[in-house]
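>>> Got a predicted structure here, sequence first:
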Amino acid sequence: MLSFIAQRLIQSVLVMLTVALIAFSMFRYVGDPIASMVGQDTTPEQRAQLREQLGLDDPFVVQFARFVGNAAKGDFGISYRQRRPVSELLEERMPATLELSFVSAVMALALGIPMGIYTALKRHGILSKTFMAVSLAGISLPTFLIGILLILVFGVQLRWLPSFGRGDVVSLGWWTTGFLTKSGWLALIMPAITLALFQMTLIMRLVRAEMLEVLRADFIKFARARGLPERLINFRHALKNTMVPVITITGLQLGSIIAFAIITETVFQWPGMGLLFIQAISMVDIPVMAAYLVLIAFMFVVINLVVDLLYFAVDPRLRVQSK
Amino acid sequence: MIARIAPMFARAADSDLWHSFKRSPGAIIAAIVTLIILLGALFAPVVAPHNPFDLASLSIMDANTPPAWEEGGSPDFLLGTDVQGRDILSAVMYGSRVSLLVGFASVLFSMVLGVTLGLISGYAGGRIDSFIMRIADVQLSFPAILVALLIDGVARGLLPRDMHDQLALYVLIFAIGISGWVQYARTVRGSTLVERSKEYVQAARVTGVAPLRIMLRHVLPNVLGPVMVLATIQVATAIITEATLSFLGVGVPPTSPSLGTLISIGNQYLFSGEWWITVFPGAMLVLIALSVNLLGDWLRDALNPRLR
């Protein structure tokens, strides 16, 4: 168990270093950082001084080590366009993205798992067929199109919901939340549905496939032969074994919710990190791009790690093996 | 010539694939829809009722015409026009051309890259194998769209602005292609590992056939089945990715709009009530993705020996 954790930790650190290397190379070699930071009328002496100050003449390894050290402290330099520390920009935007992702994840899980169980148990029911047909559409419809259609129907034609922004937010120290106002909740509905829909269909199809697989297993047949009530078989025995792979994949999906938030945030002009990233790309604001990349990678790595450890807790077979 | 081609048709008509195709109505409908869209896109300059890029033929008087069946619509513009008076139907046909081109080209690119690396990885094994697969693991832990976005962002920084607009299409194909190679590499590596230990490969090796020749002539044809299934489904994914990138404003420039660009342009007029500028390119995109996905699903089931 311990050696497994140690091994996974080393792996995670290696992945983070690789990502940091990519981010650093972007910062250092895509365009000239000095030219992007100073104005047209800066003298060559001033440029040389800034170059010296930032240590851009040091050997590669030294510069990279400094980059990693600064990144670990949350310092990603200064945005080329907004002339403000990148960490400040990200900190401002992070609550919006995390609240949106959290609500979408809860929605996707709370609807996707029951729908998956239902379609597996009542395979030939009309409702199951409808769920499956809808889910095919959910996979073929690009996320941004779902958002646009929602805006068209509920924002433009029916005028029920606000179609951009976050509504009124309440500031709680460094965290701003939209959970405490009515307009915040109203503004959240459409973006959250847009972001949740794809994940929901994915979770539903996964739960259904896993559950069908488990229901075919011998121990279920045996349970039936023993005369256990159907409810007990389905929910005590089958569901429990279905959840193991579901936890892994759902965990990994949580990471991609944060990444897919880029699209949703652009459609709804949601003031989160994704929107910041898209603006950074179109304006070639490298420090912001690099910081976002490292941050997303960090979230992915942490989620992967937690999922792996959770796997240990859920699946008793793994614990026996490692003894 | 004919003597050689005729038996090929006869063989194709008698193959399992064709028989399975004839028995699945979903696949037939999807194939017909795909074919119509492909022909429409390919011959857009001939078939399209207007040329949306010929500035001389555009008239501001025609701007914002609703579709023909709505009040104020004109039979000249079946699906209406946009703010510049461009015919939406023609724009959609020209747009699908760009979308399909990017979709097919990027899939071809990631397929060649992925199959090559997968073959090398599976056949060579050892350090090369673990190196390639580590890269694949790292890339796979990020969503494809993020990888494509990053490559596009870096290209923007590396290329001068006017050059980037010219090369935008190629940058896009490269970015989407790179974001998709891992799945091919993994699939091909897996099947190569299986094939490598089989007798025919060992026989070839013993008789002194060069490794490159074994990989290309003997192993490759036997691992191509799953690759074809993957490629079909990836075409739909690539087209959606392209549309998403163009919608986000980092894809093809508005001078030669793809479906995504058209949707993005139309999105600005959503609030003033001109829904048709967005909805029709969007519907086309969904139609393409849905029919290609259906074809891919059918191909996967038809080629899967376990389901026969």
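Ah, there it is.
>>> Please tell me the pLDDT value assigned to residue 280.
You didn't pick a chain, so chain A it is. Per-residue pLDDT puts A:Ala280 at 85.
>>> that answer is for a different chain, and I need it for chain B
pLDDT, B:Phe280: 86.
>>> Assumed it was part of a helix.
Yes. Counting by DSSP: H, G, I helix; E, B strand; the rest coil, B:Phe280 falls inside a helix.
>>> what sits against B:Gly114?
B:Gly114 sits next to B:Gly180, B:Trp181, B:Val182, B:Gln183, B:Tyr184, B:Ala185, B:Val188 when contact means CB atoms under 8 Å, 6 or more residues apart in numbering or on different chains. Quick note: C-beta positions are derived from backbone N, CA and C, even for glycine.
>>> which of those tops the neighbour count?
Among the contacts of B:Gly114, B:Val188 has the most neighbours (other CB atoms under 10 Å in any protein chain shown), with 29 neighbours.
>>> Return the distance of the residue lying closest to B:Leu299 once chain neighbours are set aside relative to B:Val219.
Spatially, and ignoring its direct neighbours in sequence, B:Leu299 is nearest to B:Val229 (5.2 Å; CB to CB, 6 or more residues apart in numbering or on different chains). B:Val229 sits 18 Å away from B:Val219 when distances are taken as CB to CB, to the nearest Å.
>>> same check, this time on B:Pro67
54 Å.
>>> Which one's more surrounded, those two?
B:Val219 (24 against 19).
>>> That one contacts B:Leu193, correct?
No. The pair B:Val219 and B:Leu193 does not pass the contact test of CB atoms under 8 Å, sitting 10.2 Å apart.
>>> Tell me if I'm right that A:Val244 and A:Asp315 touch.
Yes. If you go by CB under 8 Å, A:Val244 and A:Asp315 touch, sitting 5.3 Å apart.
>>> average model confidence for the helix or strand that contains A:Val103?
According to DSSP states H and E, A:Val103 maps onto helix A:86-121. Per-residue pLDDT over helix A:86-121 has a mean of 88.
>>> Please point out which parts of that helix sit buried.
A:86-87, A:89-90, A:92-101, A:103-105, A:107-109, A:111-113, A:115-121 (16 or more other CB atoms under 10 Å in any protein chain shown).
>>> again, but for stretch A:171-185
A:Thr176, A:Thr177, A:Gly178, A:Gly184.
>>> Next one: the third one relative to chain B, how far apart?
In this case it means A:Gly178. To chain B, A:Gly178 is 22 Å away according to CB to the nearest CB, to the nearest Å.
>>> so what's that residue closest to, chain neighbours aside?
Counting by CB to CB, 6+ apart, A:Gly178 lies nearest to A:Gly184, which is 2.9 Å off, once chain neighbours are set aside.
>>> Spit out the contact partners of the one you found.
So A:Gly184 contacts A:Arg166, A:Gly167, A:Asp168, A:Val169, A:Val170, A:Thr177, A:Gly178 (CB under 8 Å, 6+ apart).
>>> shaky segments in chain A?
In the predicted model of chain A, residues A:1, A:31, A:39-40, A:316-323 satisfy pLDDT under 70.
>>> all strands of it, in order?
A:170-172, A:175-177 (DSSP state E).
>>> Chain B contacts on the stretch 151-300 of chain A?
Within the stretch 151-300 of chain A, the residues that sit near chain B (CB under 8 Å from any CB of the partner chain) are A:151-152, A:155-156, A:163, A:255-256, A:259-260, A:262-263, A:266-267, A:277-278, A:280-282, A:284, A:286, A:289, A:293, A:296-297, A:300.
>>> which residue ranges form the helices in the stretch 101-250 of chain A?
Assigned by DSSP state H, counting those that start in this stretch, the helices in the stretch 101-250 of chain A fall at A:126-140, A:143-150, A:182-215, A:218-225, A:230-232, A:239-268.
>>> Need the winner for burial among these.
Highest mean neighbour count among the helices of the stretch 101-250 of chain A (mean count of other CB atoms under 10 Å in any protein chain shown): helix A:143-150, with a mean of 23.
>>> For it, name the packing helices and strands.
With contacts defined as 3 or more CB pairs under 8 Å, 6 or more residues apart in numbering or on different chains; DSSP states H and E, helix A:143-150 has these neighbours: helix A:182-215, helix A:239-268, helix B:220-247, helix B:259-267, helix B:276-303.
>>> what about the ones you listed, which gets the closest to A:Val15?
Across the helices and strands packed on helix A:143-150, A:Val15 has its closest neighbour in helix A:239-268 (12.6 Å, CB to CB).
>>> what helices or strands is that closest one leaning on?
helix A:86-121, helix A:143-150, helix A:182-215, helix A:273-282, helix A:286-314, helix B:144-158, helix B:220-247.
>>> Now distance to A:Arg224 too, for the ones you listed, in TSV please.
Shown next, in TSV, are the helices and strands packed on helix A:239-268 (distance: least, CB to CB, whole Å):
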stretch	distance to A:Arg224
helix A:86-121	14
helix A:143-150	41
helix A:182-215	10
helix A:273-282	48
helix A:286-314	25
helix B:144-158	43
helix B:220-247	36
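>>> Could you pull up the contacting residues of the closest residue in space to A:Met211 that isn't next to it in sequence?
What sits nearest to A:Met211 in space, not counting adjacent residues and going by CB to CB, 6+ apart, is A:Ala120, at 3.7 Å. Listed by CB under 8 Å, 6+ apart, the contact set of A:Ala120 reads A:Val207, A:Arg208, A:Met211, A:Leu212, A:Leu215.
>>> Return the distance of stretch B:159-174 from the chain's centre.
19 Å (CA atoms, centre = their mean, to the nearest Å).
>>> Briefly note if it comes near chain A.
No. Applying CB under 8 Å from any CB, one finds stretch B:159-174 separated from chain A by no less than 9.2 Å.
>>> how about that stretch: buried residues?
B:His164, B:Ala168, B:Leu169, B:Val171, B:Leu172, B:Ile173, B:Phe174.
>>> Any stretches of chain B with poor pLDDT?
In chain B (pLDDT under 70), the answer is B:1-14, B:54-65, B:68-70, B:72-78, B:85, B:161, B:304-308.
>>> can you list the residues of it near chain A?
B:138, B:141-143, B:145-146, B:149-150, B:152-154, B:156-158, B:236, B:240, B:243-244, B:247-250, B:263, B:267, B:270-271, B:273, B:275, B:278-279, B:282, B:285-286, B:289-290, B:293.
>>> Now distance to B:Ala124 and secondary structure too, for the contacts of B:Gly114, in CSV please.
Listed next are the contacts of B:Gly114 as CSV, based on distance: CB to CB, whole Å; DSSP: H, G, I helix; E, B strand; the rest coil:
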residue, distance to B:Ala124, secondary structure
B:Gly180, 23, helix
B:Trp181, 17, helix
B:Val182, 18, helix
B:Gln183, 20, helix
B:Tyr184, 17, helix
B:Ala185, 13, helix
B:Val188, 13, helix
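>>> I'd like to know how far the spatially closest residue to A:Ile296 that is not a sequence neighbour sits from A:Ile220.
Spatial nearest neighbour of A:Ile296, chain neighbours left out: A:Ala259 (6.1 Å); criterion: CB to CB, 6+ apart. Using CB to CB, A:Ala259 is found at 37 Å from A:Ile220.
>>> if I pick the most centrally placed residue in chain A, what's in contact with it?
With distances taken as CA atoms, centre = their mean, the residue of chain A nearest its centroid is A:Ile258 (2.3 Å). Counting by CB under 8 Å, 6+ apart, A:Ile258 makes contact with A:Thr97, A:Leu98, A:Ser101, A:Ile296, A:Met299.
>>> right, and out of those residues, which lies closest to chain B?
A:Ile296 (6.9 Å; CB to the nearest CB).
>>> Contact partners for the closest one?
A:Ile296 sits next to A:Gly255, A:Ile258, A:Ala259, B:Phe142, B:Leu146 when contact means CB under 8 Å, 6+ apart.
>>> okay but the last one is in contact with A:Ala259, surely?
Yes. Judged on CB under 8 Å, B:Leu146 makes contact with A:Ala259 at a distance of 5.0 Å.
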